[in-house]
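1. Pasted the sequence and its predicted model underneath.
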Amino acid sequence: MPKVALITGVNGQDGSYLVELLLEKGYDVHGMVRRTSQFSRGRIEETRQRAQDQGRVFELHYGNLGDSSSLHRVLAACRPDEIYNLASQSHVGASFEEPEYATEVNGTAVLRLLECIRHIGLKTRFYQASSSELYGNVAEEPQTENTPFHPLSPYAVSKLYAYWIVRSYRETYGMHASNGILYNHESPRRGESFVTRKITYSLARIKAGHQRVLRLGNLGARRDWGYAKDFVQAMWLMLQQEKADDYVVATGELHSVREFIEHAAAIAGFSIAWEGAGVNERGLDRHTGQILIEVDPKFYRPADLDRVRGDATKARTQLGWRPTVTFDQLVALMMESDIDLARHEHHSR
Ligand code: NAP
Ligand code: GDP
């Protein structure tokens, strides 16, 4: 009998890569999607079609993390061996604008899901999408599983609740429930409002003549950026361990937003020269003098992480996990994909 997995947030960046991985591994996969006013399955439609053509199980269920009855219905219908809880209000910036909603979906909902599992009496393994945002105002660098947390945003605080409720259910009820403390991970499927994708998408559109300028917030922020496809491997590995545990998943490298822009711009055929400072900083193309980057304080956050860098030694030694894609390769992958997308946008006009 194939193993059965349920992925919440299956239509998100990570969900879309994870479903591909689990199908490759022979799982029957169930995905939870929420109802929206427009049909949106962009990241998974091709996989769903392919699975259907091959007679594989990849079934979608409507459900919402805010609604216990829907969680109950979905869990009872598919009775998964493994649950990957990836659904969330995943944008840190947006969580300052809708803090109660972030708390509800990222925090309380995890308790809701764990309670459903307990009441149904499911013997399932549980993965929780925890985040490097937990470290916030970092106490040390690089961060490990033992570094104290100091969350700075409503997103991070809600994820802190989720992290602890998962540990609590593991310790109290003996659930096989693990936290993956994942650092930023990106891909051509990353949502366009996250900084990496915003950069590659906008530069590609500027190059194609569809957009004039790219407006960003804090250019000095530094992140440990990895490739989403590598990171979903670590999620799966966590649930294959005999004992549930918590793991940092990171590349261990730090790069700034400015650096990301410079690399991406070079691939798009621009050469960035910076001038000015603070809100007056601008990035120009050395060849043409065209202003490509401007700072817009609208994208500053009330509190922001200056830098986060993870130490994934535990994941490396205990899970045998390591990243396969370098920073340069990641930027190239995303930039090339968006250049292609912008080209099609041009053709369709
Ligand atoms: P994502 O692309 O934003 O996907 C999130 C998914 O959650 C979307 O499919 C969304 O549905 C769904 N969702 C949101 N609210 C929901 C609700 N109330 N009920 C049901 N589904 C809901 O995020 P991601 O990058 O794949 O990240 C996956 C998880 O890892 C998230 O929990 C995120 O916070 C966490 N994480 C991500 C990173 C990262 O760098 N990517 C790092 C650390 C942790 P729609 O498709 O309808 O919008
Ligand atoms: P996060 O690390 O989960 O918040 O991922 P993001 O991609 O949203 O942001 C990474 C960093 O880029 C943060 O420090 C942001 O403040 C910074 N940043 C600078 N400009 C922007 C922008 O226009 N959009 C976003 N999303 N982030 C920006």
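-> Thanks, I have the structure now. Ligands and ions are numbered 1, 2, ... in the order given.

2. Please list the outside residues in contact with stretch 9-26.
-> Stretch 9-26 is contacted from outside by 2-3, 5, 7-8, 29, 31-33, 40-44, 47, 51, 56, 58, 60, 84-88, 90, 129, 185, 187, 189-191, 228-229, 231-233, 235-236, using C-beta atoms under 8 Å, 6 or more residues apart in numbering. In this view, the C-beta of every residue, glycine as well, is placed from N, C-alpha and C.

3. Please identify which residue in the protein comes closest to ligand 2.
-> Closest residue of the chain to ligand 2, C-beta to the nearest ligand atom: A221 (3.1 Å).

4. show me the residues around that residue that make contact.
-> Per C-beta under 8 Å, 6+ apart, neighbours of A221: V195, S256, V257, D304, L305, D306, R307.

5. In JSON lines: the residues you listed, plus secondary structure.
-> Shown next, in JSON lines, are the contacts of A221 (DSSP: H, G, I helix; E, B strand; the rest coil):
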{"residue": "V195", "secondary structure": "helix"}
{"residue": "S256", "secondary structure": "strand"}
{"residue": "V257", "secondary structure": "helix"}
{"residue": "D304", "secondary structure": "coil"}
{"residue": "L305", "secondary structure": "coil"}
{"residue": "D306", "secondary structure": "coil"}
{"residue": "R307", "secondary structure": "strand"}
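
6. among those, which are in reach of ligand 2?
-> Restricting the contacts of A221 to those touching ligand 2 (C-beta under 6 Å from any ligand atom) yields V195, V257, D304, L305.

7. export these to CSV and tack on neighbour count and pLDDT?
-> What follows is the ones next to ligand 2 among the contacts of A221, written out as CSV (neighbours: other C-beta atoms under 10 Å; pLDDT from 0 to 100):
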residue, neighbour count, pLDDT
V195, 22, 98
V257, 20, 98
D304, 15, 91
L305, 22, 91
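
8. now, which of those residues sits nearest V325?
-> Distance to V325, by C-beta to C-beta, is smallest for V195 among the ones next to ligand 2 among the contacts of A221, at 18.0 Å.

9. ok, that closest one - contacts?
-> By C-beta under 8 Å, 6+ apart, the neighbours of V195 are L216, A221, V257, F260.

10. coming back round to it: tell me how far the residue of the chain closest to ligand 2 lies from N184.
-> Using C-beta to C-beta, to the nearest Å, A221 is found at 10 Å from N184.

11. Now for the residue lying closest to L111 once chain neighbours are set aside, how many residues are close by?
-> Among residues not flanking L111 along the chain, I165 sits closest, at 5.0 Å (C-beta to C-beta, 6 or more residues apart in numbering). When counting by other C-beta atoms under 10 Å, one arrives at 20 neighbours for I165.

12. and the gap between I165 and ligand 1?
-> To ligand 1, I165 is 14 Å away according to C-beta to the nearest ligand atom, to the nearest Å.

13. on that earlier part again, Throw the contacts of A221 into a markdown table and include distance to ligand 1, thanks.
-> As requested, the contacts of A221 are exported to a markdown table (distance: C-beta to the nearest ligand atom, whole Å):
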| residue | distance to ligand 1 |
| --- | --- |
| V195 | 11 |
| S256 | 16 |
| V257 | 14 |
| D304 | 15 |
| L305 | 12 |
| D306 | 17 |
| R307 | 15 |
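
14. Would you convert these into CSV that also reports distance to E133?
-> Compiled in CSV, the contacts of A221 are given as follows (distance: C-beta to C-beta, whole Å):
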residue, distance to E133
V195, 14
S256, 18
V257, 16
D304, 11
L305, 7
D306, 13
R307, 13
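
15. one step back: let's see which of the contacts of stretch 9-26 end up in strands.
-> If you go by DSSP state E, the contacts of stretch 9-26 have 5, 7-8, 29, 31-33, 58, 60, 84-85, 129, 185 in strands.

16. on that earlier part again, name the nearest of the ones next to ligand 2 among the contacts of A221 relative to G107.
-> G107 lies nearest to L305 out of the ones next to ligand 2 among the contacts of A221, by C-beta to C-beta, at 19.1 Å.

17. Could you pull up the residues touching the closest one?
-> Neighbouring residues of L305 by C-beta under 8 Å, 6+ apart: E133, Y135, G136, N137, V138, L152, A221.

18. ok, A87 touching G31?
-> No: counting by C-beta atoms under 8 Å, A87 sits too far from G31 to count as a contact (10.0 Å).

19. list residues touching both of these two?
-> Shared contacts of A87 and G31, defined by C-beta under 8 Å, 6+ apart, comprise T8, G15.

20. May I ask which helix or strand encompasses S178?
-> Using DSSP states H and E, S178 maps to strand 176-182.

21. before we move on, the earlier item: least confident of the contacts of L305?
-> Least confident entry in those, by pLDDT: N137, with 89.

22. any idea how far the closest residue to it other than its chain neighbours lies from N106?
-> Leaving aside its sequence neighbours, N137 sits nearest to H150 (C-beta to C-beta, 6+ apart; 4.5 Å). The gap separating H150 from N106 is 17 Å, by C-beta to C-beta.

23. Contact partners for R56?
-> R56 makes contacts with L23, D28, as judged by C-beta under 8 Å, 6+ apart.

24. ok, now with 6 Å
-> L23 (C-beta atoms under 6 Å, 6 or more residues apart in numbering).

25. next one: the one 4 residues further on
-> With C-beta under 6 Å, 6+ apart as the criterion, the residues that contact L60 are G31, V33.
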